[in-house]
Structure formats: C-alpha cells, structure tokens
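Visitor: turn this into a structure:
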Amino acid sequence: MSELKLVPRRKERLGDLIYGQILERILSGALKEGDKLPSESEICRSSQVSRPTVREALMRLHADGLVTTRQGSGTYVQHRPSEHLTRLAKASDIAEMLRCFEVRLGLEGQAANLAAQRRTAAQLDRIFKTLDVLRGAFAGGSVPARMDFDFHLAVAEASGNPLFGEMLETLNGTIQHIMAVALGITRAGSQERGRRVFDEHEAVAEAIRQGDAEAAALTMRYHIHRARQRLTDGQRDL
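Guide: Residues are numbered from 1 along each chain as shown. Model prediction:
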C-alpha cells in the first residue's frame, strides 16, 4: 500500500480518514478481494497515526463486512463495495454513514414496533400517502431522498412518542445523504433491485396497518440492514 497522506478537514476523524483511504484502494482495485492488508504497524508508520486510531479503522472495516481477519495471518479484503459508492460520497464520509445505520436499527425498529400498536387513522393514512409517493417515484426511476425520509419520519411520528421523530430530524442531514447514495446505487442497478427496495418499505407499512408490532420492527430492521448491505457489497443484487 502506498503511503497514506492524511490532511484532515475540521471535525473529521483520523479513523474515518484511514477507513476512507483503505476503502478507496479496495474500490480502485489496488486491493482486490482476497488481498492481504498491511499490518497495523505498517499502516501506523505510513500514515503517522497511532495504533488505536488504525485499529479503530480496521475494526470498522471488519464490522462493515469489507475485510475479514484470519487468526495468525492478518486482515484480508472480503467484499468490494459498489463502484458507484465513492462517486456518490467521499470515502472518508462512508464510515460515519455506516455508523448511522447502527443507530437507525435500534431507533427505527422500535419506532415501527410502537407505530403498529399506537398509530391513529390519520397517522396510518400519512404513512400510506408517503408510500404512494415512493411508489410513483420508483416507477418513474427517480426517488429523491426527501421522499424516502418522509416515509421513515411518518413511521417515527406514528409511534406516539415525539422523541422518535425529533431524533430522526436531528439525524436528518446524515440520513438523507445515506438515502441519496443508496438510491443512487439502486438506480444504477437492475429494475429488480428497485422493486425490492420498494417492497421493503411496503412490508413495513403493511405490518403497521395490521397492528403486528413484532413484524413491523423486524421488517424495518430488515430494510435498514439491507440498505446497509447495498452500500458495502457491490457484488450482490440486493
């Protein structure tokens, strides 16, 4: 691996920069699936950052399914993300985006669970109106991130606890950035991929309509998990 030259922008984490630069090498093909990454000490020397920072970046890459560790051997590239990923987002931003998915799994899964139990007729109507807007957008081949966010916000607000909606609004910028990237990758993929993404939204709405709290939580968490996979594994038509 060529030397890593880190020039952090204000508020940018060094761990995210290391993550992003390794990711860029995977995406460019400089590191192919099955290739061994340099050791922690080698990355520390070339990037001139501490071992804990390098370890954090490698742990994030591992958690995101991009690399795997073989005991006694080292760290190897496991998956190559979609080639469109760094066209739609800066490589150093991707670690933050994937951390946001971890928060959303718990937050939105619970919001969907409560929405199935507490939603009013008006709130259910709003969920399905946002779903209809998504259906039309998917049919037309263009889905603005705001439309996707509106669906998720409608579910959160139907939970009966205003804090769920407020927390989503707090994460609004990051979530819409993620959605824009994910939807961009979906548009670049097959029509089947787009249909599956819409079906995931529809499954959440139907579970809430039926008042099935467990199914609502599971379908929302499944949707968010699959959205994360669509970013990190470019070899699968998810």
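Visitor: on contacts alone, who are the packing partners of the longest helix seen in the chain?
Guide: Counting by DSSP state H, the longest helix found in the chain is helix 91-118. Contacts defined by 3 or more Cβ pairs under 8 Å, 6 or more residues apart in numbering; DSSP states H and E place helix 91-118 against helix 14-28, helix 51-63, helix 145-157, helix 162-170, helix 172-188, helix 191-209, helix 213-232. To be clear about C-beta, it is placed using only N, CA and C from the backbone, and glycine gets the same treatment.
Visitor: okay, the angle between the longest one and helix 172-188?
Guide: Following axes from the mean of the first three to the mean of the last three Cα atoms, to 10 degrees, one obtains 70 degrees for the angle between helix 213-232 and helix 172-188.
Visitor: got the buried residues for helix 213-232?
Guide: Of all the residues in helix 213-232, those buried under the rule 16 or more other Cβ atoms under 10 Å are 213, 215-221, 223-225, 227-232.
Visitor: again, but for the first one
Guide: Going by neighbour count (16+ other Cβ under 10 Å), the buried part of helix 14-28 is 14-27.
Visitor: ok, the third one next?
Guide: Residues of helix 145-157 classed as buried under the neighbour-count rule (16+ other Cβ under 10 Å) are 145, 147, 148, 149, 150, 151, 152, 153, 154, 155, 156, 157.
Visitor: mind putting those into CSV with pLDDT?
Guide: As requested, the buried residues of helix 145-157 are exported to CSV (pLDDT from 0 to 100):
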residue, pLDDT
145, 84
147, 90
148, 90
149, 93
150, 95
151, 96
152, 96
153, 97
154, 98
155, 98
156, 97
157, 97
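Visitor: turn those residues into TSV, columns for distance to residue 62.
Guide: Formatted as TSV, the buried residues of helix 145-157 follow (distance: Cβ to Cβ, whole Å):
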residue	distance to residue 62
145	28
147	34
148	28
149	29
150	34
151	31
152	28
153	32
154	35
155	31
156	30
157	36
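Visitor: report how many residues lie close to residue 173.
Guide: 9 (other Cβ atoms under 10 Å).
Visitor: and the helix or strand where residue 45 lies, what does it pack against?
Guide: Taking DSSP states H and E as the criterion, residue 45 maps to helix 40-47. Using 3+ Cβ pairs under 8 Å, 6+ apart as the contact test, the elements touching helix 40-47 are helix 14-28, helix 51-63.
Visitor: quick one: closest of those helices to residue 179.
Guide: Of all the helices and strands packed on helix 40-47, helix 14-28 sits nearest to residue 179, with 19.7 Å by Cβ to Cβ.
Visitor: other SSEs contacting the closest one?
Guide: helix 40-47, helix 51-63, helix 85-88, helix 91-118.
Visitor: counting neighbours, which bits of the first one end up buried?
Guide: Within helix 40-47, the residues that qualify as buried by neighbour count (16+ other Cβ under 10 Å) are 40, 43, 44, 46, 47.
Visitor: in a markdown table: those, plus pLDDT and distance to residue 161.
Guide: As requested, the buried residues of helix 40-47 are exported to a markdown table (pLDDT from 0 to 100; distance: Cβ to Cβ, whole Å):
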| residue | pLDDT | distance to residue 161 |
| --- | --- | --- |
| 40 | 90 | 43 |
| 43 | 90 | 44 |
| 44 | 91 | 45 |
| 46 | 87 | 48 |
| 47 | 84 | 44 |
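Visitor: out of those residues, who's nearest residue 110?
Guide: residue 40 (36.6 Å).
Visitor: enumerate every residue touching the closest one.
Guide: 51, 54, 55, 58 (Cβ atoms under 8 Å, 6 or more residues apart in numbering).
Visitor: which non-adjacent residue is nearest the first one?
Guide: When the adjacent residues along the chain are set aside, residue 51 lies closest to residue 44, with 5.4 Å between them (Cβ to Cβ, 6 or more residues apart in numbering).
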